[in-house]
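S.K.: Test case, fold it:
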Amino acid sequence: MTAVVSRLSDGNGLVLSGSVDSANAVQCEAEGLALIADLAAGPCICDLSGLTTGNSVTAAVLMSWRRAAAKRQQTLTLRAIPTRLHAILQASNLLPVFTPT
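M.R.: Purely as a prediction, here's the structure:
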């Protein structure tokens, strides 16, 4: 399965859908970083409603995006976090840094 990174159509942010794994994580990270660099100032949202799996690789990509947003003085808020990814972020004490909506 593949992962797709695209610009959010209803706000300032990006969409991550499909499945992130070790084979496509580097590409997902790079595509997301490019989109974040091109976003307008202000808070950005990452919509995960189309994500079919959530794992530690996904969490690592999201943390990279969060760091990139922070360098631009932006927050990265996750929307529609899948249950498994939510549990991973919570167990890792990473959930608060994404201020999920």
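S.K.: what about the closest residue to residue 52 other than its chain neighbours, how many residues close to it?
M.R.: Residue nearest to residue 52 in three dimensions, not counting chain neighbours: residue 19, with 4.9 Å by CB to CB, 6 or more residues apart in numbering. Yep, even glycine has a C-beta here, placed from its N, CA and C like the rest. Residues lying near residue 19 (other CB atoms under 10 Å) number 18.
S.K.: Likewise for residue 88?
M.R.: There are 18 residues near residue 88, going by other CB under 10 Å.
S.K.: can you check residue 37 too?
M.R.: With other CB under 10 Å as criterion, residue 37 counts 11.
S.K.: Same question for residue 96.
M.R.: 9.
S.K.: Quick one: residues contacting the residue nearest to residue 52.
M.R.: 1, 2, 3, 51, 52, 53 (CB atoms under 8 Å, 6 or more residues apart in numbering).
S.K.: residues in contact with the last one?
M.R.: With contact set as CB under 8 Å, 6+ apart, residue 53 has these partners: 1, 19, 20, 21, 82, 84.
S.K.: Out of those, which sit inside strands?
M.R.: The strands in this structure, assigned by DSSP state E, contain none of these.
S.K.: and those residues, which of them are in helices?
M.R.: Judged by DSSP state H, these include residue 84 as members of helices.
S.K.: ok, back up a step: filter the contacts of residue 19 down to just the buried residues.
M.R.: Burial of the contacts of residue 19 was assessed by neighbour count (16 or more other CB atoms under 10 Å); the buried members are 3, 51.
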